[in-house]
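Chemist: Sequence and predicted structure are below.
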Amino acid sequence: MPLLEVRGFSVTYRTDEGEVYALDNASLSVEKGEIVSLVGESGSGKSTMAHAIMRLLTPYARIDNGEVLFKDRNLLALSEDEMNKIRGDEISMIFQEPNTALNPVFKIKDFMTDVYITHNPGATKKEALERAVQLLREVRIPSPEKVLDRYPHELSGGMKQRVLIATSLLNNPDLLIADEPTSALDVSVQAQIIALLRRLQEKNNMSVLFITHNLAVAAQISDRIIVMYAGRIMEDAPVEDIFARLLHPYTKMLLEAIPSLESRELKPLPGTIPDLREKISGCPFMDRCPYKMDKCRERPPEKRVDGRRVYCWLYEEEGA
Amino acid sequence: MVLNMSPQTRLLLRKLWRNRSFKIGFPIVLAFIILGLIAPLITPYNPVKGNLSEALQPPSSKHWFGTDQLGRDIFSRTIYGARISLIVAFAGILLAVIAGVLYGAASGYAGCNVDEALMRIIDILLAFPDILLAILVAAIVGPGLLNVIIAVGAYNFPQFARITRGAVLAVKELEYVEAAEAIGESSFSILFRYILPNSMYPVVVHGTLRTGASILTAAALSFLGLGVQSPTPEWGAMINEAMKYLDIAPQMWIFPGIFLTVTVLGFNLMGDGLNDVLNPKIKE
């Protein structure tokens, strides 16, 4: 049984210009101790997925159908109080922009001890401080005692992201959702943070749902990659297989778009992401796909190819 | 200073001190506050007890500002007037801030339909000219010091509600609020520990700006007979009493009038200065 299983999830945003279909019947699962990357362009629904699992969608979002099973409980059916007990305790989340993810009026120690005490009601301030120091050491922050006395504006972006990672691990979560945690950092710091996340994941045998638009980062960190496009899952495969044999035309195009040292030429993806204000009945990638067929007007079913999930009519025979 | 100040605070203070409006306004306000606080120590006479045999005297060495129709020392009354204005303005603004911040925070944080409904009520209140709303409230609750405070609080309240709501709307979209939700903080804790402390800057500036205006409104209410009543030494009420003796005892309105004008000017200059320095939209 997977730790987290999302089944047939659809989310719609109400906007002034009508409804936006952000997630359309998307399913995914994360096993215990696994790092799964969710990859996609802006607007592909990857962040919506992360927020929906945490039940942190804006009031303008509506969940049309689906289930989020975490340790066999349907998170969507829990009360807000029960959900608050899970957030920050069994499931933690880290964010894209470390510079704005910390309350500017709290010292680091106020923030960290607060998170610990919220989920361990019997704990004393001293215990919470000890735990905070221990975790700041684990994320390799030099002289943690000093950092605890600082305000967020006194730390660099990389330091803040480390503090946030340390905070998210305070209560030994089973699942860490990382929403583009490295996008706002410069490249050398990015690599450090990714190495750090990998090390901590192995140490705590924690599961990670890693959200990124960067296939290279996803390849570095994950065990499995899920490619999303226009609110749908396109492909879901172990990281070593996905690059060994490219299945979905969209994944192919994504890889070709990464500039290499030899070609020196940028190959942008032709076309644009479809307008999500209209419900797409067929394959959402149809208009940009070089292998377009008549059949693509119908919704592609889930196909199993070599144990991988792929949603494309090209593999109809193979999966049968 | 030996105080442990961050570089930002020091820079802010230096900028304030270079601001001409603030440099003039701040000492006036400071003087006004000090006068109000130490009034009993520096006044030679009891401000409410008069000596009828010394009524309507012009300024002299015995009575620096002269006496009124009941022989009360106008200098003592004027200084005590600072105390009354101080109480009315600060208590009234405090009342408005507390009520406005809670109302605005509830509105902004709840959002959607609740926000719509609460803000339409504020629209109605804001449509009244300031003084009219204050007169309305004062007329309903009746005269008296406490009631002037309520009137000042009530007419300032919608502005603070609107300002807080705007700030809360902006702050609640910030990532650290989302991060707080993601770590399982309760809505109560998120509103009071994450959103409100970060929404206070515009409230502080507006509070200073409104204090001067509130002193003037309170004086106007008392002048109209709706506020603090004689014998309490209130500047507006003193000017009202002086109307009957406009030409024979001008000291009765000149001195409280000057104090009122200078104090309000001081607050407005200080508020402008604060706004110049703190408002990020204004560049030097």
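Modeler: Nice, thanks for sending it over. Treat the numbers as computed from the prediction; the structure is a model and nothing was measured.
Chemist: Kindly state the pLDDT recorded for A:E317?
Modeler: Per-residue confidence (pLDDT) for A:E317: 57.
Chemist: now A:S263
Modeler: A:S263 is assigned a pLDDT of 66 by the prediction.
Chemist: can you pull the contacts of residue 144?
Modeler: I'll assume chain A. A:A132, A:V133, A:L136, A:R137 (Cβ atoms under 8 Å, 6 or more residues apart in numbering or on different chains). Where C-beta positions appear, they are placed from N, C-alpha and C, glycine not excepted.
Chemist: Let me rephrase: I mean chain B.
Modeler: Taking Cβ under 8 Å, 6+ apart, one finds B:G227, B:V228, B:Q229 in contact with B:G144.
Chemist: Kindly recompute the last result at 6 Å.
Modeler: B:G144 makes contact with no residue, according to Cβ atoms under 6 Å, 6 or more residues apart in numbering or on different chains.
Chemist: Check A:A50 too.
Modeler: Here A:A50 is in contact with A:I177, A:D179, A:I211 (Cβ under 6 Å, 6+ apart).
Chemist: Quick one: mean pLDDT over the helix or strand harbouring it.
Modeler: Per DSSP states H and E, A:A50 falls inside helix A:46-53. Averaging pLDDT along helix A:46-53 yields 91.
Chemist: Give the closest residue to the closest residue to chain A within chain B in space, chain neighbours not counted.
Modeler: Here the residue of chain B nearest chain A is B:I183; by Cβ to the nearest Cβ that distance is 3.3 Å. Nearest residue to B:I183, sequence neighbours excluded (Cβ to Cβ, 6 or more residues apart in numbering or on different chains): A:G88, at 3.3 Å.
Chemist: repeat for A:A52
Modeler: A:A52's closest residue in space is A:V11 (Cβ to Cβ, 6+ apart), at 5.6 Å.
Chemist: what sits against that neighbour?
Modeler: A:A22, A:L23, A:T48, A:A52, A:A61, A:I63 are the contacts of A:V11 under Cβ under 6 Å, 6+ apart.
Chemist: Can you verify it is assigned to a strand?
Modeler: Yes. The assignment for A:V11 by DSSP: H, G, I helix; E, B strand; the rest coil puts it in a strand.
Chemist: does chain A sit close to whichever strand or helix holds B:A151?
Modeler: Following DSSP H and E, one finds B:A151 within helix B:145-172. No. Figure legend: helix B:145-172 not in contact with chain A (Cβ under 6 Å from any Cβ of the partner chain); closest approach 9.9 Å.
Chemist: quick one: buried residues of that helix?
Modeler: By 16 or more other Cβ atoms under 10 Å in any protein chain shown, the buried positions in helix B:145-172 come out as B:145, B:147-165, B:167-169, B:171-172.
Chemist: Tell me the helix or strand right after it.
Modeler: Next element after helix B:145-172 (DSSP H and E): helix B:175-182.
Chemist: sorry, back to before: please report which of the contacts of A:V11 has the highest neighbour count.
Modeler: A:L23 (27 neighbours; other Cβ atoms under 10 Å in any protein chain shown).
Chemist: That one falls within a helix, correct?
Modeler: No. Counting by three-state DSSP, A:L23 is not part of a helix but strand.
Chemist: Quick check: it touching A:G45?
Modeler: Yes. The pair A:L23 and A:G45 passes the contact test of Cβ atoms under 6 Å, sitting 4.7 Å apart.
Chemist: so what sits against both of these two?
Modeler: With Cβ under 6 Å, 6+ apart as the test, A:L23 and A:G45 both reach A:G231.
Chemist: Pairing partners for the next helix or strand after the helix holding A:A50, with directions?
Modeler: The helix or strand immediately downstream of helix A:46-53 is strand A:61-70, counting by DSSP H and E. For strand A:61-70, the pairing partners within the sheet under DSSP bridges are strand A:4-15 (antiparallel), strand A:73-74 (antiparallel).
Chemist: looking at the ones you listed, which is closest to B:V88?
Modeler: Evaluated with Cβ to Cβ, the strands paired with strand A:61-70 place strand A:4-15 nearest to B:V88, the distance being 47.6 Å.
Chemist: Name the residues of that closest one that come out as buried.
Modeler: A:L4, A:E5, A:V6, A:F9, A:S10, A:V11, A:T12, A:Y13.
Chemist: repeat for stretch A:203-211
Modeler: By neighbour count on 16+ other Cβ under 10 Å, the buried set for stretch A:203-211 is A:M206, A:S207, A:V208, A:L209, A:F210, A:I211.
Chemist: Pick out the most distant pair among those.
Modeler: A:M206 and A:I211 (15.9 Å).
Chemist: hmm, back to that, need the contacts of A:A50 in a markdown table with pLDDT, distance to A:L197 and secondary structure, can you?
Modeler: Conversion of the contacts of A:A50 to a markdown table gives the following (pLDDT from 0 to 100; distance: Cβ to Cβ, whole Å; DSSP: H, G, I helix; E, B strand; the rest coil):
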| residue | pLDDT | distance to A:L197 | secondary structure |
| --- | --- | --- | --- |
| A:I177 | 94 | 12 | strand |
| A:D179 | 90 | 13 | strand |
| A:I211 | 93 | 12 | strand |
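Chemist: List just the nearest of the residues you listed to B:V29.
Modeler: Nearest to B:V29, judged by Cβ to Cβ, of those is A:D179 at 48.0 Å.
Chemist: I figured the closest one hits A:I211, correct?
Modeler: Yes. With contact defined as Cβ under 6 Å, A:D179 reaches A:I211; the gap is 4.9 Å.
Chemist: Would you mind listing what in the stretch 51-200 of chain B touches chain A?
Modeler: Checking the stretch 51-200 of chain B against chain A by Cβ under 6 Å from any Cβ, the hits are B:C112, B:L174, B:E175, B:Y176, B:A179, B:E181, B:A182, B:I183, B:G184, B:Y194, B:P197.
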